[in-house]
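Engineer: okay, here's the prediction I keep looking at, along with the sequence it came from:
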Amino acid sequence: MQEFTLHDNFDLSKARIDYQKELNPQQLEVVLNGEGAVLVLAGAGSGKTRTITYRVSYLLERGVSPDNILLLTFTNKAAKEMLSRVETLLGWYPKGLWGGTFHSIANRLLRIYAPELGYPSNFTILDQEDTKALVKVCIKLLQVDTTSRRFPSPSKVHSLISYVHNSGKSISEVIESKYPQLTELTGVIERIAQLYAQRKKEADAMDFDDLLLKLRELLSTNEGIRRRLSQQFEYVLVDEYQDTNVVQADLIRFLSSEHGNLLVVGDDAQSIYSFRAADIKNILGFPQTYPKTKTFRLTTNYRSTPEILSIANAIIAQNKNQFKKELASVQPSSDLPHLVPANNSAQEAQFISQRILVLREEGVPLKEVAVLFRAAFHSQALEFELMKRDIPYEYRGGLKFFERAHIKDVISYLRIKTNPKDEMAWMRVLGLLSGVGLATAQNIAVQMKKLNSLADLFSSPIKIPKRAQSGWNLLLKTVEDLVAGNLPSDLIRTVVAGDYRNYLEAEYPDFMDRLEDLEQFALFAQGYTSLQVFLDEISLSLDYGVLREEDGISEEEKIVLSTIHQAKGLEWTAVFVMHLIDGKFPNERALEEEGGLEEERRLFYVATTRARKQLFFTYPITSGYDTLMLSQPSIFLQELPDTLFEKILLKTAVKSFASHSSSNKQSWDDEGPTIVFDELGERVQKQIPKGMSFLRNIDEL
């Protein structure tokens, strides 16, 4: 027998919570009228978490039983935060409420219903290491030849299979669109995927993707269970709906099918995770999937100044596939965002570093400053500059530049050129070769101690096991090229041009990003003529990182360096968005994908809306270090009216404005306000007459 709760008209005056006082009109409308299919378009900084929390509290105050409410989120932290807020508002914990991530809810349900799919209720959940190990077993069982050419690593194969499951596409489709270099291996990877699924089933095990896939299978094939669960969940609420994939969208549809009370909150303007198989069509097509949809917009922004929101609104207005909305600020007016063209990446890094120190002097804590970038390698010059200036930073979205595996790999190659007896460098280099395990690497590294120069390797008898001979021969070719080279930048490119590129391609799904890291590393090295000096400075920079941690610097005293993807959902008083040049942001590879340009623009929008009071856009005019290759500013900057920002011009430093020669003058034809900063990064002139700008520079400081 099924139960259905009847709710009387709820008298707000008797509620524990003063909804009308604590919510703005837009939020209140959602909370009070969230019956049926509801799409809440929540702009950045508009209080979406607050709205969901109060909606759940309102339902509970109306008398809805906690176990009739399902709240789906993308992180355990978000679920716990919402339930904690509900408890605070109500004064009691809603025991029995189903709140958590898609995967955690799926796990709870499958522990009950897994036998319907032929699994025991005590099935095992495989973690990342488990899945990698099982894929490796499958490759071995299928006797795949991984030596004739570098075969994709088990982690890369599993990453591909996972994307297939979450995107609803076939292996051949995914390889064609995302991994074209693996086209000839399509059949092999399909067999690996089949055996992988079979071995999991035989072991009564599921990986993370299976939790969602098996629950969808259960709900789509077992009408009784689908009806039972959808009758239980009278109200289904979903956070960050723009980030759902096709599997998650299906689960939501099944679980809300009986009562039809589905409230989803999201912002199509912040849909930036297509690389994880998130599908923006889920939110854009919501009114078509649920024809009686009520749409609400939360556009009151509590985070950013009106000037920052003017930029944000202008950015996203360029997208065609979107729900139109315009954010309005409740914050007081402040300075315009700043646009800062720099001569090169080094000068861009100098400006950002100096300006951060000025912000600190002005009373902005370091923890309230963030530098955001499209890709990890964009921050390399800045990281080095921050270390030189003793500005502590926390890196999010990965490891700091010189701590990344591929950077340390290439540094190890350079170390064996300067010191062929460097056992640890040899261990790292040898560990990259096919057929070389730890014991073999140790044995070979010991033999290297008799070398006086790297060239001696070709005249010294080195014992190499037969299984490692192919990899060793490829290494010798790279070593031969290293012996012939001298300049650090050339040596880095020599390593990458050898077998190491094949290693990256086989090992990592993001190998193209790593190759770009290494090219930036080579560009950075162009400032050096001595390999020893170059390696010494890098070693000292790495030691700096260790010493800073030992000195006890807390996160409270560090600025944040972050990829934009990692910064979503966060905010800071001052934000720098750097390296805004065409070909880098928007990312060229993203432009090759359907909807890629608009997603890149949404990413720029997300970066902009992280700032509360101060926002800086920076870009280098030339690429590399002291090269003459001109770069165009990002098309996203070119789309914006000049009147929306102030331009900061950086030029050759002079002792005084009165002693300028004609060479210190520059014609500037662009319209819009312009300001000048001195060597301390402090404003010295508010407005410069068009056509005659006296400018200060920072590149000699």
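Structural biologist: Ah, there it is.
Engineer: mind checking how far Gly187 is from Gln198?
Structural biologist: Going from Gly187 to Gln198 by Cβ to Cβ, to the nearest Å gives 17 Å. Every C-beta, even on glycine, is put in place using the N, C-alpha and C of the backbone.
Engineer: cool, Tyr273 as well?
Structural biologist: 30 Å.
Engineer: between these two, which one's more packed in?
Structural biologist: Tyr273 (20 against 11; other Cβ atoms under 10 Å).
Engineer: next up, the contacts around the closest residue to the more buried one other than its chain neighbours.
Structural biologist: Nearest residue to Tyr273, sequence neighbours excluded (Cβ to Cβ, 6 or more residues apart in numbering): Asp243, at 5.4 Å. The contact partners of Asp243, taken as Cβ atoms under 8 Å, 6 or more residues apart in numbering, are 74, 266, 271, 273, 276, 278.
Engineer: now the buried members of those residues.
Structural biologist: For the contacts of Asp243, a burial check counting by 16 or more other Cβ atoms under 10 Å picks out 74, 266, 271, 273, 278.
Engineer: got the confidence number for the first one?
Structural biologist: This means Phe74. Predicted confidence (pLDDT) for Phe74: 88.
Engineer: list the contacts of it.
Structural biologist: Counting by Cβ under 8 Å, 6+ apart, Phe74 has contacts 101-102, 239-240, 243.
Engineer: so how far is Ile252 from it?
Structural biologist: From Phe74 to Ile252 the distance is 13 Å (Cβ to Cβ).
Engineer: next: the third one.
Structural biologist: Distance check for Ser271 against Ile252: by Cβ to Cβ, it reads 16 Å.
Engineer: now swap in the last one and tell me
Structural biologist: Remark: distance between Ala278 and Ile252 (Cβ to Cβ) = 14 Å.
Engineer: what is in contact with these two at once?
Structural biologist: Counting by Cβ under 8 Å, 6+ apart, the common neighbours of Ala278 and Ile252 are Thr244.
Engineer: pLDDT weak spots in the stretch 101-250 of the chain?
Structural biologist: For the stretch 101-250 of the chain, applying pLDDT under 70 flags the ranges 147-149.
Engineer: strands of the stretch 351-500 of the chain, residue ranges please.
Structural biologist: Counting by DSSP state E, counting those that start in this stretch, the stretch 351-500 of the chain has strands at residues 369-373, 393-396.
Engineer: can I get the shortest one in CSV? Just the C-alpha atoms.
Structural biologist: C-alpha atoms of strand 393-396 as CSV (Å, rounded to 0.1, in the frame of the first residue of the first chain):
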residue,chain,number,x,y,z
TYR,A,393,50.8,31.1,-3.0
GLU,A,394,48.6,28.1,-3.1
TYR,A,395,48.1,26.4,-6.4
ARG,A,396,44.7,24.8,-7.2
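Engineer: which residues does stretch 305-317 contact?
Structural biologist: Taking Cβ under 8 Å, 6+ apart as the rule, stretch 305-317 contacts 44, 269, 301, 304, 322, 326-329, 331-337, 601-602, 604-605, 608-609, 611-613, 615, 636, 639-641, 644-645.
Engineer: to clarify, my last question referred to stretch 130-139.
Structural biologist: For stretch 130-139, the surrounding residues in contact (Cβ under 8 Å, 6+ apart) are 126, 146, 151, 154-155, 157-158, 161, 192, 195-196, 199-200, 205, 207.
Engineer: among those, the buried ones, what's the PyMOL command?
Structural biologist: Selection command for PyMOL covering only the buried members of the contacts of stretch 130-139, criterion 16+ other Cβ under 10 Å:
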select buried, resi 126+151+154+155+157+158+161+192+195+196+200+205+207
